[in-house]
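1. Got a predicted model here, sequence first, then my questions.
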Amino acid sequence: MTSAQPTGTPTSEGTTMRAVVQDVYGEARDVLRLEQLERPSAGPGEVLVRVQAAGVDQGVWHVMAGLPYPIRLAGFGLRAPKRRVRGTNVAGVVEAVGDGVTSVRPGDEVFGSGDGSFADYVVVPEGKLALRPAGLSARQAAALPVSGTTALQAVRDHGRVQPGQRVLVLGAGGGVGSFAVQIAKAYGAEVTAATSPSKVDLVRSLGADHVLDYTREDVTAGQERYDVVLDVGGNRPLRHLRRALTPTGTLVIVGGETDGRWLGGTERLVRAMLLNPFVGQSLRSFVARENAADLAVLAGLVESGQLTPAVDCSFPLAEAAAAMEYLRAGQARGKVVLDV
């Protein structure tokens, strides 16, 4: 683990590159390893990016572990991962562009999401890439794509947060939560953020109006009512979340983390969907879709000073397994990043 700024200069030479790969599902220490692979090339509508930094998130862990099991049925591979190279978030420099690409050119500093970012080079669809905001480091930019887009869509599209509304963010000290707090503030909300004791100072620095230590008080006890509740990666029962809402409030469930191998927290999403037609409150969940338009919105929020990626720490590419373990331990204050 390090706090030094990444140089963005890969150590591979010629037509090969370093990449973090896996051939079987399992835990990070058992399945991830560093190999030399052939460098990819950009096809039509694609961009070859020389990676400077790559963000680590829960979605990468789910694909690595193959859990919960339905993720394998979703096209990631039944018995083994279809794609060997891990990673999704990327920040780097455009190395080459494929036919038809017009939004970026070689030498541009960019950020976005593309499969296989735990490597010296990755191919990214043009539609999932944007120019990096001025003044944003590669490490900060790599923390932004998936978690930032998820938070934006939760606040804007599903929570439909309006100026003056009272918003509760549960899990505010993690990757998505730290962005959700700032984006809700940018949309004019009064934000109450709940987090663990070690992350209270971080969340307060992000601009939350009120910060609660959930180990000391039950933030869903019903004493306070909110127009919008964003539950990020939690596992609180629906009845507890609903009692924190106004009678016509909106609950947005942004994922869920349990040890269940078959459902892995998704059972709450199903119950919310079934219950929604019969209650006055709006119970919602969604799957985020990364796209260039939303990346541009995030870049605008960064440039206006309303959004700053909170990066806890970084690991060298060769220590990707350690980075995954640190993330899963649940103590990260914001985002974890690989320096490539």
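-> Cool, got the structure.
2. Identify each of the helices in the stretch 201-340 of the chain and give its residue range.
-> 238-242, 267-275, 292-303, 320-328 (DSSP state H, counting those that start in this stretch).
3. Can you give me the buried ones in the longest one?
-> To tie it back to what came earlier, the one meant is helix 292-303. Ala292, Asp294, Leu295, Val297, Leu298, Ala299, Leu301, Val302 (16 or more other C-beta atoms under 10 Å). No exception for glycine: its C-beta is placed from N, CA and C like everyone else's.
4. list the contacts for the closest residue to Pro197 other than its chain neighbours?
-> In space, and not counting its chain neighbours, Pro197 is closest to Asp213: 5.2 Å by C-beta to C-beta, 6 or more residues apart in numbering. Contact analysis of Asp213 by C-beta atoms under 8 Å, 6 or more residues apart in numbering lists Ala194, Thr195, Ser196, Pro197, Val200.
5. can you pull up the bridge partners for the first one?
-> So that's Ala194. Leu170, Leu212 (DSSP bridges).
6. For it, give its distance to Ser41.
-> Note on Ala194: its distance to Ser41, by C-beta to C-beta, to the nearest Å, is 46 Å.
7. Same drill for the two, tell me which one is more crowded.
-> Neighbours per residue, other C-beta atoms under 10 Å: of Ala194 and Ser41, the larger number sits with Ala194, 30 against 13.
8. Please give me every residue in contact with the more buried one.
-> Applying C-beta under 8 Å, 6+ apart, one finds that Ala194 lies in contact with Leu168, Val169, Leu170, Gly171, Ala172, Val211, Leu212, Asp213, Tyr214, Val219.
9. Next, the distance between the ends of stretch 77-87.
-> One end of stretch 77-87 to the other measures 16 Å (C-alpha to C-alpha, to the nearest Å).
10. any idea of the mean pLDDT for it?
-> Here stretch 77-87 scores 92 as its mean pLDDT.
11. Which residues does it contact?
-> Under C-beta under 8 Å, 6+ apart, the answer for stretch 77-87 is 19-25, 32, 37, 54, 56, 60, 63-64, 66, 72, 75-76, 115-119, 122, 320, 338.
12. Just the buried subset of these, please.
-> 19-22, 25, 32, 37, 54, 56, 60, 63-64, 66, 72, 76, 115-119, 122, 320, 338.
13. Just these: which are in helices?
-> Val60, Val63, Met64, Ala320 (DSSP state H).
14. wait, which of those residues is closest to Ala138?
-> Among these, Ala320 lies closest to Ala138 (C-beta to C-beta), at 16.7 Å.
15. Grab the nearest non-local neighbour of that closest one.
-> Val20 (4.4 Å).
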